[in-house]
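Visitor: Below: sequence and its predicted model.
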Amino acid sequence: MTFLYVIIALVLVFDFINGFHDSANSIATVVSTKVLSPIAAVGLAASFNFIAFLVFPLSVAKTIGNKVIDADIVTLNLIAAAVTAAIVWNLITWWWGLPSSSSHTLVGGLVGAAIAGSGFGSVIFSGVLKIGVFIIIAPVLGMIMSYIISVIVLHIVKKHSPFGIDKHFRRLQLLSASAFSLGHGGNDAQKSMGIIWVALFAVGKVPKDSDPALWIVLSCHAAIALGTLFGGWRIVKTMGQKITKLKPFEGFCAETSGALTLFMATSLGIPVSTTHTITGAIIGVGATKRASAVKWGVTTKIFWAWILTIPVSACIGAVMYFAFQAIV
């Protein structure tokens with residue numbers, strides 16, 4: 001039982017780091033456009049991260065819990081290995097200032113630990129493939145929607161003064177930033193819920209067809225909100241300044257398209273990367289100006305981080321599994 005409590009604490013630490021790591025996704029645009037100060041922005045993001053459980057069903061939690069690896073082979077050592085791998089890769093990419101995906105880090109850790117413990121047959125490859133496909137679909141969808149929304153907005157405001165446009169979209173960006181933070185909390189906090197649920201299932205505390213209990217839901221949302229409050233300032237700079245320069249109306253378009261993508265994915269039960277989504281949306285906004293407005297050198301480094309996340313996390317997860325088997 002003691003190890004179970006350690007696992008739950010470890011998952012909540014991951015959830016906190018997820019919020020810390022991904023806070024930049026929620027606030028980068030609203031901070032870089034100077035609509036909100038960093039302190040005010042993280043407060044807004046954290047609040048909507050927390051209340052997301054009131055809006056979204058727990059579809060993503062169920063996907064993580066029983067559609068990535070076979071729940072029947074899960075042990076506490078496997079969970080500990082997967083979560084440790086996710087934490088390690090999150091901290092490495094945070095230190096490098098790369099907006100990688102906490103979702104795919106966790107999936108990679110689960111897959112690697114499961115293969116190390118029970119072989120390739122323990123992995124539900126159809127579920128992993130669906131998640132993997134959205135590594136491409138989420139940013140592309142965000143990019144296309146932000147491009148379309150930007151073109152529509154530019155057409156609507158073409159007769160207005162730059163000052164008037166800036167004034168109105170500073171207010172509207174508060175709504176779009178809130179919506180994106182809501183989508184972030186709704187999708188990302190559920191990943192930790194799924195891990196805690198499968199850990200409880202592994203020790204016979206919950207039946208296989210049950211939903212995560214309310215205490216799991218609230219604790220995971222609280223952890224990610226608290227992490228968001230501390231913020232990941234290294235990544236804010238990359239997201240808000242190094243990809244393309246943003247104005248308030250561009251921030252609004254990027255956040256709105258990102259929020260719509262997250263809402264859709266969460267309703268379908270697909271754990272996607274908020275990082276991938278908002279990066280694609282920012283690129284789409286930048287592309288409305290000209291292709292050279294997007295700093296493709298920075299973007300290429302981000303793409304490489306995306307591609308490497310699942311395989312690297314899987315390798316770390318496998319190593320951690322053997323380590324926990326030897327220690328525990």
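Guide: Noted; the coordinates are in hand.
Visitor: What separation is there between residue 275 and residue 166?
Guide: Look at residue 275 and residue 166: by Cβ to Cβ, to the nearest Å, they are 27 Å apart. C-beta coordinates here come from the backbone N, C-alpha and C atoms, glycine included.
Visitor: between the two, which one's more packed in?
Guide: Ranked by neighbour count (other Cβ atoms under 10 Å), residue 275 and residue 166 place residue 275 first, with 30 against 15.
Visitor: Spell out the secondary structure type for the more buried one.
Guide: The three-state label given to residue 275 by DSSP: H, G, I helix; E, B strand; the rest coil is helix.
Visitor: any idea how far it lies from residue 288?
Guide: 21 Å.
Visitor: close enough to count as contact, residue 77 and residue 322?
Guide: No: at 9.5 Å, residue 77 does not count as touching residue 322 under the criterion of Cβ atoms under 8 Å.
Visitor: Can you list the residue ranges for helices in the stretch 1-150 of the chain?
Guide: Here the stretch 1-150 of the chain has its helices, by DSSP state H, counting those that start in this stretch, at 2-32, 38-51, 59-66, 76-96, 102-118, 125-157.
Visitor: After the longest one, heading C-terminal, what element do we hit next?
Guide: Spelled out, that is helix 125-157. Helices and strands here follow DSSP states H and E; after helix 125-157, the next one along the chain is helix 162-202.
Visitor: what is the mean pLDDT for that next one?
Guide: Per-region confidence: helix 162-202 scores 89 on mean pLDDT.
Visitor: Compare residue 77 and residue 322 (neighbour count), which wins?
Guide: Neighbour count, other Cβ under 10 Å: between residue 77 and residue 322, residue 77 has more, with 23 against 14.
Visitor: so who does the more buried one touch?
Guide: Residues counted as contacts of residue 77 (Cβ atoms under 8 Å, 6 or more residues apart in numbering) are 117, 321, 324, 325, 328.
Visitor: if we go to 6 Å?
Guide: Residue 77 sits next to 324, 325, 328 when contact means Cβ atoms under 6 Å, 6 or more residues apart in numbering.
Visitor: do you know how far residue 262 is from residue 7?
Guide: With distances taken as Cβ to Cβ, residue 262 is found 28 Å from residue 7.
Visitor: More neighbours: which of those two?
Guide: residue 262 (30 against 21).
Visitor: For the helix or strand hosting the more buried one, give me every contacting residue.
Guide: Assigned by DSSP H and E, residue 262 belongs to helix 248-267. Residues lying outside helix 248-267 but in contact with it, judged by Cβ under 6 Å, 6+ apart, are 29, 33, 35, 56, 60, 138, 141-142, 145-146, 149-150, 153, 165-166, 169-170, 172-173, 176-177, 179-180, 183, 186-187, 272, 277-278, 281-282, 285.
Visitor: For ChimeraX, write the select line for the buried members of those.
Guide: Those of the contacts of helix 248-267 that meet the burial criterion (16 or more other Cβ atoms under 10 Å) are gathered into one ChimeraX selection, given here:
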select :29,33,35,56,60,138,141,142,145,146,149,150,153,165,169,170,172,173,176,177,179,180,183,186,187,272,277,278,281,282,285
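Visitor: how close does the nearest residue to residue 328 once chain neighbours are set aside sit to residue 124?
Guide: Of all residues not flanking residue 328 in the chain, residue 77 sits nearest, at 5.8 Å (Cβ to Cβ, 6 or more residues apart in numbering). The spacing between residue 77 and residue 124, counted by Cβ to Cβ, is 20 Å.
Visitor: just residue 322 next, same as before
Guide: When residue 322 is compared with residue 124 (using Cβ to Cβ), they lie 22 Å apart.
Visitor: ok, residue 45 touching residue 181?
Guide: Yes: contact status for residue 45 versus residue 181: in contact at 4.1 Å, counting by Cβ atoms under 6 Å.
Visitor: Could you pull out the buried residues of the helix holding residue 262?
Guide: Quick answer for helix 248-267 (16+ other Cβ under 10 Å): 248-263, 265-266.
Visitor: and that helix, what's its mean pLDDT?
Guide: Per-residue pLDDT over helix 248-267 has a mean of 91.
Visitor: ditto for stretch 217-235
Guide: The pLDDT scores in stretch 217-235 average 81.
Visitor: residues in contact with it?
Guide: Contacts of stretch 217-235 from elsewhere in the structure, counted by Cβ under 6 Å, 6+ apart, are 12, 15-16, 18-21, 23-24, 42, 45-46, 49-50, 53, 94, 97, 99, 189, 192-193.
Visitor: Per-residue pLDDT of residue 103, please?
Guide: At residue 103 the predicted local distance difference test score is 79.
Visitor: for the one 5 residues further on, same thing?
Guide: In this model, residue 108 is scored at 93, pLDDT.
Visitor: which intervals of the stretch 1-150 of the chain have sub-threshold pLDDT?
Guide: When the per-residue scores of the stretch 1-150 of the chain are filtered using pLDDT under 70, the ranges that remain are 23-26, 97-100.
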